[in-house]
Every structure is written in C-alpha cells, then in structure tokens.
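**Student:** fold the following.
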Amino acid sequence: MEDHVTPRRVVIIGGGFAGLFAARALRRSPVAVTLIDRRAHHLFQPLLYQCASGILSEGQIAQPLRAVLRRHTNVRCLLADATGVDVKERVVHTRRPEGGSVEVPYDDLIVAAGMRQSYFGHDEFAAHAPGMKTLDDALEIRRRIYRAFEMAESATDARDRRHWLTFALVGGGPTGVELAGQIREIAGHTLDREFRSIDPLQARVLLFEGSDQVLAPFGDRLAGRAARALRDLGVELHLGTRVTDLDEQGLTVRERDGTTTRHPARTVLWTAGVEAPAIAGALARATGAEQDRAGRIAVEPDLTLPGHPEIRVVGDVMALDHLPGLAEVAMQSGAYAGRAVRHAVEGRTKKPKPFRYVDLGSAAYISRGRAVVKAGPVHLSGVAGWLAWLFIHIAFLTGFRSRLGAVLSWAVVFASGARRERAFTLPDTGHGPAERHGATAALRGP
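**Tutor:** Numbers count the residues shown, from 1 in each chain. Purely as a prediction, here's the structure:
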C-alpha cells in the first residue's frame with residue numbers, strides 16, 4: 001500500500017471527547033476522515049449521573065455525532081464496532097450492529113476508544129450492579145433508583161421495605177460521590193411529599209470504598225471536606241472495604257480487620273474501576289504495544305505507537321505519564337493527535353513537540369450548593385466550588401441548546417428540588433399487552 005493517498009485517509013475509532021476533538025482539528029485539512037463508533041452519539045460522560053438521577057434528559061447530555069460534525073464536510077460517520085486492526089495492510093475491521101463486517105482502510109489511525117466498566121474479574125456482578133459509562137447505564141440506574149421507592153411503597157413486609165430503601169454504591173471516586181449525593185437529595189427533597197406508605201427520608205445510602213478516603217486524587221483537604229458533606233447528607237461511608245460477593249439481595253464486603261459483613265440492599269450500583277475495551281487488546285497484539293494492568297496502551301511522547309508512527313492512541317485508553325482518565329486529558333490529547341496529522345499532511349518536517357497535558361483541574365458535585373474543585377494550587381469547596389463546577393460544565397457541554405437546557409433544568413432543581421426527567425420503563429414480563437410493550441411509569445415533578 002502506498003504511503004500517501006489523496007485525499008489522505010484518517011480513521012478515528014471512538015466518538016467521545018478524544019475522537020471528537022481529533023476530528024475537529026482536521027476540519028480544514030485535505031483529508032478524508034472516517035469516525036467509527038458503536039453508538040451514534042457523542043456523550044458528555046461527566047453528567048451521566050444527572051441523567052440517571054432525573055435532573056437532565058438524555059438529549060441534554062448526548063448529541064448525534066452527525067449533528068455535531070455536520071459542518072465538517074470531510075468527516076464520515078460509521079455506526080460500527082471496531083474489532084481489529086491489520087497494521088500491515090492498514091485496515092480497520094469493524095462489525096455492523098445488525099451483522100456483517102466493513103473494512104475501513106487508513107493512512108493514519110487515531111484510537112480514541114475510551115474505557116469500559118471493570119468488575120475486577122467478577123463480570124457476574126454486572127447483572128446485579130450496573131456501572132456508569134453509557135447512556136444505557138444511566139437509564140438503567142434511573143429505573144432502579146425510582147423503582148426502589150415504588151417497590152418500597154407497595155411492600156407489606158417491613159424488612160422487605162427496608163431492603164428496597166437501601167442503596168449501596170461501590171466506589172468512592174467522583175461518580176460514586178456524585179451519585180450518592182443525588183440519591184440522598186432525591187429522598188430528602190424530590191420525593192419527600194409524594195408517598196403515603198413510606199417516608200423517603202428513611203432511605204439509606206451506603207458508599208463503599210477500598211481506600212481510606214473518598215475522592216483521594218483531590219488531596220486530603222478536599223477529600224475530608226467531601227466526606228463531611230456526604231455524612232451531613234446522611235450518606236454512610238464504609239472506607240477500607242472490598243466487595244467479595246454481590247447478588248440481587250445485596251453485597252458482602254471484607255472489612256479492614258479481615259471480617260466479612262453482609263449488607264442487604266435491593267439496589268446496588270457499581271462506580272469503581274475501568275478497563276480497556278477489546279479493541280485495545282487487539283491493537284496491542286497486532287503492534288506489539290505494551291498494556292498496563294487496566295489494558296491502557298503505552299504510547300510514545302508524541303502519542304504514537306513504537307514502530308508505528310501512523311497510529312496514535314489518545315484519551316482514556318492511552319498510558320502516558322500516569323495521566324488520569326479525565327475529559328480534559330481526552331480533549332487535549334485528541335486535539336494534539338489531530339493537529340499532528342494535519343501538520344504531516346501540510347508537509348511540515350519539524351518534529352512535533354511531545355504532548356504536554358495542561359491540568360485545568362477536577363470537579364465533583366456533591367449536592368445543591370456543595371462541590372469540590374481542584375485546579376492546580378486552587379482548591380474550592382462549598383458554594384464557591386459549586387459555582388466553579390457550574391461554570392466548568394456549562395462551558396464544556398456540546399451545543400448551545402444543550403447548555404441552555406441544562407441551565408434551565410439546574411435552575412428548577414436547585415430552586416425547588418423537583419426533577420422532571422424521572423420517566424422509567426419496567427422490564428418486559430410477558431404477561432400481557434402492557435407488559436409486552438413495557439409498562440411506563442412517568443413520575444412527574446410539580
């Protein structure tokens with residue numbers, strides 16, 4: 001295969017932040033870009049928990065990739081799952097959702113496949129404890145949260161009612177902290193006057209974390225403040241614990257002293273751990289690249305693979321200088337890779353500078369008026385952190401309509417506690433027409 005084809009063919013695997021910013025960097029380049037993703041939308045993952053808790057709708061955190069890239073006339077979107085790479089022939093093998101395969105040739109390949117939920121070798125846990133990585137995950141968690149209150153309302157046994165009103169979250173990172181805070185707010189502010197047989201305020205939220213702190217990467221000071229804020233909300237923190245068993249009735253954890261404790265809970269949510277998708281392993285085998293324990297692919301300082309300057313790995317799935325799996329890392333690395341291809345097409349011979357990540361900070365929302373933000377030497381919490389959190393997320397939401405809709409939804413929630421995005425569907429039980437089509441429970445706020 002020739003090294004140069006006009007227009008030069010650039011294939012991007014993944015339509016998340018890294019893939020999207022790579023495509024945007026190539027907008028005015030004389031290249032033909034094919035963006036491959038197994039889903040047809042770009043997802044603002046940092047706000048998934050707000051979709052799951054009923055604050056934002058799916059359309060406010062997810063935008064069709066074709067709409068986002070409609071003005072990028074050199075970009076073609078392909079709905080498919082990348083399954084392998086032939087590095088000799090420079091072809092990406094893909095599988096279409098309804099079957100069949102498509103081979104996509106490339107001159108430059110940018111892998112921005114992201115990460116998926118990891119259950120640390122216990123994939124059987126997934127059936128009972130959904131993760132929080134996709135839009136489907138968020139909708140499943142929404143269904144489980146609001147269904148739990150409905151089931152508690154109709155329960156005739158006090159023990160059964162307590163179990164339905166117990167929510168267990170595994171993982172004390174930003175997602176776990178944010179979701180725990182949201183469930184307490186739902187119980188205390190959204191549903192406080194809607195039920196007749198139960199008191200939603202009696203709902204228990206248990207947060208399990210293997211280390212000695214929640215939000216450990218934020219540092220001791222902010223981690224301590226986050227823990228105090230969670231306890232003030234009524235979240236029960238179980239630090240230094242490891243989950244050893246999990247089923248539909250609850251979970252078993254090993255304590256610091258080696259003893260095991262069973263916690264009955266009808267709603268268990270998994271917010272701990274990530275691992276690389278299958279395409280990362282396939283690429284590593286094809287190129288001889290090294291992978292870390294989570295499957296991330298080791299890259300050179302210019303984000304290329306050793307011996308394969310035509311392949312760049314960016315975003316969460318790259319392993320470089322222990323960079324965290326943050327949206328900002330994905331944006332910057334994706335844009336860097338796109339510019340590198342653009343400069344090569346333009347014939348620039350100067351060796352590109354190594355990728356350098358500019359840390360713009362991290363943020364975690366806890367509850368109304370409370371968040372923690374870390375940006376270099378600046379550490380914010382409480383109302384100041386909350387205002388900074390608002391600014392950051394409004395700035396990075398994709399599309400004006402998404403920003404406007406989110407601001408309006410936040411205004412309603414922050415002012416009244418009402419959540420209007422609480423519709424959920426029940427699974428098909430196969431007993432009649434209503435069940436065959438899914439019984440929809442639309443819980444409307446005032």
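
**Student:** surely residue 421 and residue 409 touch.
**Tutor:** Yes: at 7.5 Å, residue 421 and residue 409 qualify as touching, with contact defined as Cβ atoms under 8 Å. Heads up, the C-betas are built off the backbone N, CA and C, glycines and all.

**Student:** identify the contacts common to those two.
**Tutor:** Here residue 421 and residue 409 share the contacting residues 55-57, scored by Cβ atoms under 8 Å, 6 or more residues apart in numbering.

**Student:** which members of those residues occur in helices, if any?
**Tutor:** Using DSSP state H, no member of the shared contacts of residue 421 and residue 409 sits in helices.

**Student:** between those residues, which sits nearest residue 41?
**Tutor:** residue 57 (12.9 Å; Cβ to Cβ).

**Student:** and that closest one, how close does it get to residue 405?
**Tutor:** Plainly put, residue 57 is 7 Å away from residue 405 if you go by Cβ to Cβ, to the nearest Å.

**Student:** repeat that for residue 327.
**Tutor:** Distance, residue 327 to residue 405, using Cβ to Cβ: 19 Å.

**Student:** one more: residue 261?
**Tutor:** 43 Å.

**Student:** among those two, which residue is more densely surrounded?
**Tutor:** Using other Cβ atoms under 10 Å, the more surrounded residue of residue 261 and residue 405 is residue 405, with 17 against 12.

**Student:** using the three-state scheme, assign the more buried one.
**Tutor:** With DSSP: H, G, I helix; E, B strand; the rest coil as the basis, the three-state label of residue 405 is helix.

**Student:** that one against residue 62, yeah?
**Tutor:** No: with contact defined as Cβ under 8 Å, residue 405 does not reach residue 62; the gap is 11.9 Å.

**Student:** closest one of the shared contacts of residue 421 and residue 409 to residue 144?
**Tutor:** Closest to residue 144, out of all of the shared contacts of residue 421 and residue 409 and judged by Cβ to Cβ, is residue 55, at 16.4 Å.

**Student:** which ones are touching that closest one?
**Tutor:** Neighbouring residues of residue 55 by Cβ under 8 Å, 6+ apart: 182, 409-410, 413, 419, 421.

**Student:** re the thing from before, including distance to residue 387, could the shared contacts of residue 421 and residue 409 go into a markdown table?
**Tutor:** A markdown table is the format used below for the shared contacts of residue 421 and residue 409 (distance: Cβ to Cβ, whole Å):
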| residue | distance to residue 387 |
| --- | --- |
| 55 | 17 |
| 56 | 19 |
| 57 | 24 |
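
**Student:** can you tell me which of these lies closest to residue 236?
**Tutor:** Nearest to residue 236, judged by Cβ to Cβ, of these is residue 55 at 23.1 Å.

**Student:** please consider this matter closed, and thank you.
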